[in-house]
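Undergrad: All I have is the shape, not the residue letters:
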């Protein structure tokens, strides 16, 4: 079996290009089976293993349908470590296909229909019951006569989210020994409501596609962070994580921040079994197959599978999971479209680095200035204090590229048509004299005002090429009714009051080449990635209500200095850690 083919498959299995309203599951598994070279359900290779099923009881009496595949016993071996995949996509198909990856290596496979899905009892509950169900399932599997007592968590996308909840329970399952989490998140509220914004296309589109449209209302009812989300939030107690893991994601993935935060939380704040025993691999895309241009072929790698295979084997044999030959951090440093020649030396970027810790960085501070400038120098008196635009909810800015699911565009996409709109502000450094490399988290502090009692502010970090093309690198925002706290009651705006807000633009690794410009775009909508804010203060459960056109202000004055903070690293330092994974 070709490992690179499996890698492309597993990264791509949840690249959802299906239309809204269509069950994604059938296409999901057809794509998996085609690339693995097996029939759906694993019929082509079933002779290699023994198959059984079980209805595993949960603590509340609900039973979950689980397919168990065990390798044909070699040399009299009768107990096996078990790889567990909990899925909303169908355990029967999942077991055969994941089995094609792990059964030949001597692992048993357990694939489970999540609560309320397919043959499992209970009601679909997003992932809110997943922590308890994972704990009970792992305990049951480890007690079976065919189990060695070691269970490894595995999952991609929705299944990766389920795997990420395995250590939310306190204490975590004793039999869980390691994890391989692919494009998943351990902080579902943050992933569903970044900045308090409702990720409409992802939540509504995906729920509809898996025929769980009715659950959309429950997600909307929990717009405010609270107990509903606690069982899906590892960040409440990273010290509870206690196993080595491989975290595989992509910079333009829908769960990019979830992947990076999982790695950082386990690696630097985790319990003794987790701290220092984590491995991160970030390619450009994740769920996103590519943008308006494609990254070079060197962006593909089977490294996460090599690491996970070695990690699981080392743990199963009682070895040291921190002593693998692999580096802890393996990330792709993106650069501009490599197609045209953009400078005499060629474009910088588009290579891998492998290192045991994040590159040393300094904060590059860029101030928003009058006249659409983005400058190293802070504002001075005498300049225009703010820039303003009207935001009409009936005419939202269309989503164009970015970290999207179930939308026509994702990844880097030319923003020039967006930037010509009357309701989009742009701030630019102008052509850079030298390249600027960034790796890590990007933050934006804005001082804002609005004529409405509620509105959104969206920010987009952009690379402007010498020929005028303008490609998005990061984009996020804030819903103002949640700008102070996502867990407290909504905080509405008063006309005439200036508010300080922080927008977490999340994480990336990118080289802005010399001759290019760093640009920041500010507006108040990004639809349908995020729901439209109708500027009237209505919560999602109240319906849209009457549209209110708002005049929104972004300040860039001596007293209210809005500032973009970039995690700058030395390009030579990146080159020192360049690798070919």
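TA: Structure received. The shown structure was predicted, so the numbers you read here are calculated from the model rather than taken from an experiment.

Undergrad: and the one helix or strand residue 133 maps to, what other elements does it pack with?
TA: Element membership of residue 133, judged by DSSP states H and E, is helix 130-142. With contacts defined as 3 or more C-beta pairs under 8 Å, 6 or more residues apart in numbering; DSSP states H and E, the packing partners of helix 130-142 are strand 49-57, strand 63-71, strand 80-87, strand 108-113, strand 147-156, helix 158-164. Where C-beta positions appear, they are placed from N, C-alpha and C, glycine not excepted.

Undergrad: any chance of these in CSV, with mean neighbour count too?
TA: Conversion of those to CSV gives the following (neighbours: other C-beta atoms under 10 Å):
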stretch, mean neighbour count
strand 49-57, 15
strand 63-71, 23
strand 80-87, 26
strand 108-113, 27
strand 147-156, 24
helix 158-164, 27
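
Undergrad: what angle do the helix holding residue 133 and strand 147-156 make?
TA: Counting by axes from the mean of the first three to the mean of the last three C-alpha atoms, to 10 degrees, helix 130-142 lies at 140 degrees to strand 147-156.

Undergrad: how about helix 130-142: buried residues?
TA: Using 16 or more other C-beta atoms under 10 Å as the test for burial, helix 130-142 gives 130-142.

Undergrad: what does it rub up against?
TA: Under the contact criterion C-beta atoms under 8 Å, 6 or more residues apart in numbering, helix 130-142 has outside partners 54, 56-59, 64, 66, 82, 84, 86, 110, 112, 114-115, 147, 149-151, 153, 161-163, 165-166, 168-169, 172-176, 231-232.

Undergrad: Export the helices and strands packed on helix 130-142 as JSON lines, with columns for mean pLDDT and distance to residue 431.
TA: Formatted as JSON lines, the helices and strands packed on helix 130-142 follow (pLDDT from 0 to 100; distance: least, C-beta to C-beta, whole Å):
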{"stretch": "strand 49-57", "mean pLDDT": "91", "distance to residue 431": "60"}
{"stretch": "strand 63-71", "mean pLDDT": "96", "distance to residue 431": "58"}
{"stretch": "strand 80-87", "mean pLDDT": "98", "distance to residue 431": "49"}
{"stretch": "strand 108-113", "mean pLDDT": "97", "distance to residue 431": "53"}
{"stretch": "strand 147-156", "mean pLDDT": "97", "distance to residue 431": "41"}
{"stretch": "helix 158-164", "mean pLDDT": "97", "distance to residue 431": "41"}
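
Undergrad: Of all these, which one comes closest to residue 300?
TA: In this view, these are compared for proximity to residue 300 by C-beta to C-beta, and strand 147-156 is the closest at 16.3 Å.

Undergrad: List the strands paired with the closest one, with their directions.
TA: Its sheet considered, strand 147-156 pairs with strand 80-87 (parallel), strand 176-182 (parallel) by DSSP bridges.

Undergrad: unless I'm mixing things up, residue 155 is touching residue 185, no?
TA: No - using C-beta atoms under 8 Å as the test, residue 155 is too far from residue 185 to be in contact (11.0 Å).

Undergrad: Show me the common contact partners of the two, please.
TA: When contacts are counted by C-beta under 8 Å, 6+ apart, the set common to residue 155 and residue 185 consists of 161, 164.

Undergrad: list the buried ones in stretch 251-267?
TA: So, applying 16+ other C-beta under 10 Å, buried residues of stretch 251-267: 251-267.

Undergrad: My error: substitute stretch 200-214 in the last question.
TA: Within stretch 200-214, the residues that qualify as buried by neighbour count (16+ other C-beta under 10 Å) are 200-210, 212.

Undergrad: of these, closest to residue 330?
TA: Compare each of those with residue 330 using C-beta to C-beta and the shortest gap goes to residue 202, at 26.7 Å.

Undergrad: mind listing what that closest one touches?
TA: Contacts for residue 202 (C-beta under 8 Å, 6+ apart) come out as 192, 254, 404-406, 529.

Undergrad: Could you check how far the helix or strand it falls within is from the centre of its chain?
TA: Residue 202 is part of helix 200-209 when elements are defined by DSSP H and E. Helix 200-209 has its average C-alpha position 16 Å from the chain's average C-alpha position, going by C-alpha atoms, centre = their mean, to the nearest Å.
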